[in-house]
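Trainee: have a look at this fold, sequence not included:
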């Protein structure tokens, strides 16, 4: 709860909703006849709409990336460390847009929203979404906001994948793509973890085939388990050791199955909180979208060919202790871009914080990310797009 | 721009592609991009240098040279450049091989340990030479594989690396008659253009 709004915060913000009536054709073959996207904006769009930045959210993220909804909020938006006046993504210079992806559970059309055709919650009938579908829907939001070309599309983890997809599918509509802690596709191990999370939800007796809304319940236990296993992959072995070690809650063994170790307590707490705030069907859908992500698939499985499509410049960043999407995975993207002759810079941030590091204020990360964004802003303000890099 | 970089930039034709190993703050790449429409990437591990490259809009990849250049295809670049870093890598021989594999040509500069002042320092004082070009003590120097002009040329001959061009300059980065005739004795910095 902020006593007063910090000076480097975007302050109190309000989400907006846009209703789209043009049907959206989806990769799965189905069509969404109409839908809503909820989004927030920070900063001011300049006269020629050239300072807009799109923030793509990760698995459990949403449109509320920075600032506060009310003075009662315990915490600011999920990427408040990076977005604000004078921060890495400087709202004095950029117009920042962040939306809740389709299929989400924070206001955009998704399984927990009402299907206008039936008057009931969509539930399992909501169509499966892919990263490509999300990008297509984001393009329409850009059109509504009058943004022909993003100064940058930025995202961490699943958000980074969207930035990558943007660069391949809409090369003329962004100048920079910032891809953080991402991968060009999920590994078998990544999919395996997602499947454990999904199975814990699907086998929860309260799941009711995804129609739990009608039974006035939800698969709480399944969601808790899903988040617990997910959370392990977001932290590193070192981060857990530093945070919890083998510390006991009461200082001694109780020889039972109640919470004894601090790490157990932490995971259960994270699961609890998450289960109260996140929709199970959305979790299923988002993890599946992650599994399906593989832009090279459209180019005979050649990442190099896929990455010859973009014309924007890239910043790729990874974190040394991230084992969910390890630095090697980011380097696959970098190698593909170098092979394709694209403009790319790459930084590997040395930190024990694991995958979640992309959300944190780590000095080296903030400095390098900030330096890059500084240049993006300079290009807009001084009109030097450095197009001469390519002769 | 540093004088050795200026010399190098004269060797690079318009529109060339290049890889700059240990690119520092990206000065060379930025200059070549602007004046010769060259396209390329720098490799760097120093955080301040990475940030400087980001600001300049120079493509830079965080990559340790001691890990090799295995991520780059054969002849991916017209030139692979390495200035004042050969003596600081773990295996100069291996990085040289990698440079002439990844680049059609390679450009290398290094401090010549055969310069008469260095010889005199060791010969007369009996201590490891310290100079403005090599300002470190023996125990903290990053320069772990110093070599002379003669060492370098012998190595190239033995390993089938062709020397296309050589320049030796003094600390003021000027050429002199003496260093032209006796490069190993009067050259302080050696600059080579080589290929496989």
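Mentor: Received the coordinates, thanks. Source: prediction; values computed, not measured.

Trainee: tell me which helix or strand comes right after the lowest-mean-pLDDT helix or strand in chain A.
Mentor: When each helix and strand of chain A is scored by mean pLDDT, DSSP states H and E, helix A:237-243 comes last, with a mean of 93. Next along the chain after helix A:237-243, taking DSSP states H and E as the criterion, comes helix A:262-277.

Trainee: what about that next one, average pLDDT?
Mentor: Across helix A:262-277, pLDDT averages out at 96.

Trainee: who does it touch, helix- and strand-wise?
Mentor: If you count contacts as 3 or more C-beta pairs under 8 Å, 6 or more residues apart in numbering or on different chains; DSSP states H and E, helix A:262-277 packs onto helix A:220-234, helix A:237-243. In short, each C-beta sits where N, CA and C put it, glycine included.

Trainee: kindly recompute the last result at 7 Å.
Mentor: If contacts are counted by 3 or more C-beta pairs under 7 Å, 6 or more residues apart in numbering or on different chains; DSSP states H and E, helix A:262-277 sits against helix A:220-234.

Trainee: how far off helix A:262-277 does the helix it packs on point, in degrees?
Mentor: 120 degrees (axes from the mean of the first three to the mean of the last three C-alpha atoms, to 10 degrees).

Trainee: follow-up on the earlier one: buried residues in the least confident helix or strand of chain A?
Mentor: Using 16 or more other C-beta atoms under 10 Å in any protein chain shown as the test for burial, helix A:237-243 gives A:239-240.

Trainee: residues contacting it, please?
Mentor: Applying C-beta atoms under 7 Å, 6 or more residues apart in numbering or on different chains, the contact partners of helix A:237-243 are A:263, A:321, A:352-354.

Trainee: biggest separation within the residues you listed, which pair?
Mentor: Based on C-beta to C-beta, the longest span within the contacts of helix A:237-243 runs between A:263 and A:321 and measures 16.7 Å.

Trainee: where in the chain is pLDDT low?
Mentor: Just going to use chain A. A:1, A:384-391 (pLDDT under 70).

Trainee: should've been chain B
Mentor: Checking chain B against pLDDT under 70 turns up B:172-174.

Trainee: quick one, what contacts residue B:27?
Mentor: B:1, B:5.

Trainee: measure it to chain A for me?
Mentor: Remark: distance between residue B:27 and chain A (C-beta to the nearest C-beta, to the nearest Å) = 15 Å.

Trainee: centre of the chain versus the longest helix belonging to chain A, how much separation?
Mentor: Identified as the longest helix of chain A according to DSSP state H is helix A:363-382. With C-alpha atoms, centre = their mean, to the nearest Å as the basis, helix A:363-382 stands 20 Å off its chain's centre.

Trainee: do it and chain B meet?
Mentor: Yes - Helix A:363-382 is in contact with chain B by C-beta under 7 Å from any C-beta of the partner chain, via A:364, A:367-368, A:371-372, A:374-375.

Trainee: packing partners of that helix?
Mentor: Short answer (3+ C-beta pairs under 7 Å, 6+ apart): helix A:363-382 packs on strand A:89-90, strand A:344-349, helix B:47-56.

Trainee: now with 6 Å?
Mentor: Under the contact criterion of 3 or more C-beta pairs under 6 Å, 6 or more residues apart in numbering or on different chains; DSSP states H and E, helix A:363-382 touches strand A:344-349, helix B:47-56.

Trainee: just name the most buried of those.
Mentor: Most buried of the helices and strands packed on helix A:363-382, by mean neighbour count (mean count of other C-beta atoms under 10 Å in any protein chain shown): strand A:344-349, with a mean of 26.

Trainee: contact residues of chain B facing chain A?
Mentor: Selection of chain B residues close to chain A by C-beta under 6 Å from any C-beta of the partner chain yields B:15, B:33, B:37, B:47, B:50-51, B:54-55, B:57, B:59-62, B:71.

Trainee: which two among these are spaced furthest apart?
Mentor: Pairwise across the residues of chain B next to chain A, and taking C-beta to C-beta, the largest span is found between B:15 and B:47, at 31.4 Å.

Trainee: in which helix or strand would I find the residue nearest in space to the middle of chain A?
Mentor: When C-alpha atoms, centre = their mean is applied to chain A, the residue found nearest the centroid is residue A:58 (1.8 Å). Counting by DSSP H and E, no helix or strand carries residue A:58.

Trainee: list the contacts for it?
Mentor: Contact partners of residue A:58, counting by C-beta atoms under 6 Å, 6 or more residues apart in numbering or on different chains, are A:156-159.

Trainee: centroid residue for chain B?
Mentor: Closest-to-mean residue, chain B, C-alpha atoms, centre = their mean: residue B:83 / 2.5 Å.

Trainee: contacts only, for it.
Mentor: Residues near residue B:83 by C-beta under 6 Å, 6+ apart: residue B:109.

Trainee: quickly list what it is bridged to.
Mentor: For residue B:83, the beta-bridge partners under DSSP bridges are residue B:109.

Trainee: how close does residue A:191 sit to chain B?
Mentor: On the measure of C-beta to the nearest C-beta, residue A:191 and chain B end up 25 Å apart.

Trainee: for the closest residue in space to residue A:62 that isn't next to it in sequence, what are phi and psi?
Mentor: Spatial nearest neighbour of residue A:62, chain neighbours left out: residue A:106 (3.8 Å); criterion: C-beta to C-beta, 6 or more residues apart in numbering or on different chains. When read as degrees, to the nearest 10, the backbone of residue A:106 gives phi -120, psi 20.

Trainee: name the residues that touch stretch B:133-149?
Mentor: B:87-88, B:92, B:111-114, B:128, B:183-184, B:188, B:190.

Trainee: and the residue nearest to the centre of chain B, how far from chain A?
Mentor: Taken as C-beta to the nearest C-beta, the span from residue B:83 to chain A is 20 Å.

Trainee: if you count contacts, what does the helix or strand where residue A:334 lies end up packed against?
Mentor: Assigned by DSSP H and E, residue A:334 falls within helix A:327-339. Using 3+ C-beta pairs under 6 Å, 6+ apart, the elements in contact with helix A:327-339 are helix A:303-306, strand A:313-319, strand A:344-349.

Trainee: how about the ones you listed in a markdown table, adding distance to residue B:27?
Mentor: Converted to a markdown table, the helices and strands packed on helix A:327-339 look like this (distance: least, C-beta to C-beta, whole Å):
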| stretch | distance to residue B:27 |
| --- | --- |
| helix A:303-306 | 30 |
| strand A:313-319 | 19 |
| strand A:344-349 | 16 |
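
Trainee: let me have these in TSV, extended by distance to chain B.
Mentor: Converted to TSV, those look like this (distance: least, C-beta to the nearest C-beta, whole Å):
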stretch	distance to chain B
helix A:303-306	10
strand A:313-319	7
strand A:344-349	4
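
Trainee: what's the closest of these to residue A:256?
Mentor: strand A:313-319 (36.9 Å).
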